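**Student:** Following is a predicted model, sequence given first.
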Amino acid sequence: MNANRRRGEIAATLDGEEQKLRLTLGALAELEATYEVEDLAALVERFSGGKLAARDIIRIIGAGLRGAGREVTDEEVGNMDVIDGIAGMAKIAVSLLEAAFGGREETNGGEGVAKANP
């Protein structure tokens, strides 16, 4: 499955099936409402601290799946199996946020620098 990173899409294997995830504007609005924040800047600030609770991971992945057109509840997302368990789920959530808001690009020294999506 080809994911178009320029559109904010990622591909991930959930329950043994490769899925496309995307935080569309609607999916981001869903997260704003869930976290009761007024705008995208507040949403970015919430996630930029590097700490994600299990419920955050479920909500982000659920919003990404729904943004890509899949009908799934957060409860179903919480019961999905992923290689590497919770660490794998966290990687998916972080990759999805990076695809939506700008990722990290590795430099020659191996340290990441923020890079906005074109």
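**Tutor:** It's in. Residues are numbered from 1 along each chain as shown.

**Student:** can you give me the helices for this structure?
**Tutor:** Using DSSP state H, the helices of the chain run over 25-35, 40-47, 54-67, 74-78, 85-101.

**Student:** Residues touching the third one, excluding its own?
**Tutor:** Defining contact as CB atoms under 8 Å, 6 or more residues apart in numbering, one finds that helix 54-67 is touched by 10, 14, 19, 21-24, 26-28, 30-31, 34, 47, 52, 72-74, 76-78, 80, 86, 89-90, 92-93, 96-97. (C-beta placed from N, C-alpha, C; glycine too.)

**Student:** Give me the buried positions along it.
**Tutor:** Of all the residues in helix 54-67, those buried under the rule 16 or more other CB atoms under 10 Å are Asp56, Ile57, Ile58, Arg59, Ile60, Ile61, Gly62, Ala63, Gly64, Leu65, Arg66, Gly67.

**Student:** if I look at the first one, how far off is Arg7?
**Tutor:** Put plainly, it is Asp56. 23 Å (CB to CB, to the nearest Å).

**Student:** how about the helices of the chain, which one is nearest Asn2?
**Tutor:** Closest approach to Asn2 among the helices of the chain (CB to CB): helix 85-101, 13.6 Å.

**Student:** tilt between the closest one and helix 54-67?
**Tutor:** On the basis of axes from the mean of the first three to the mean of the last three CA atoms, to 10 degrees, helix 85-101 is oriented at 50 degrees to helix 54-67.

**Student:** For helix 85-101, enumerate the helices and strands it packs against.
**Tutor:** Applying 3 or more CB pairs under 8 Å, 6 or more residues apart in numbering; DSSP states H and E, we find helix 85-101 packed against strand 9-14, strand 17-22, helix 54-67.

**Student:** For those, give me a markdown table that also has distance to Gly102 and mean pLDDT.
**Tutor:** Output for the helices and strands packed on helix 85-101, formatted as a markdown table (distance: least, CB to CB, whole Å; pLDDT from 0 to 100):
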| stretch | distance to Gly102 | mean pLDDT |
| --- | --- | --- |
| strand 9-14 | 14 | 95 |
| strand 17-22 | 15 | 96 |
| helix 54-67 | 16 | 97 |
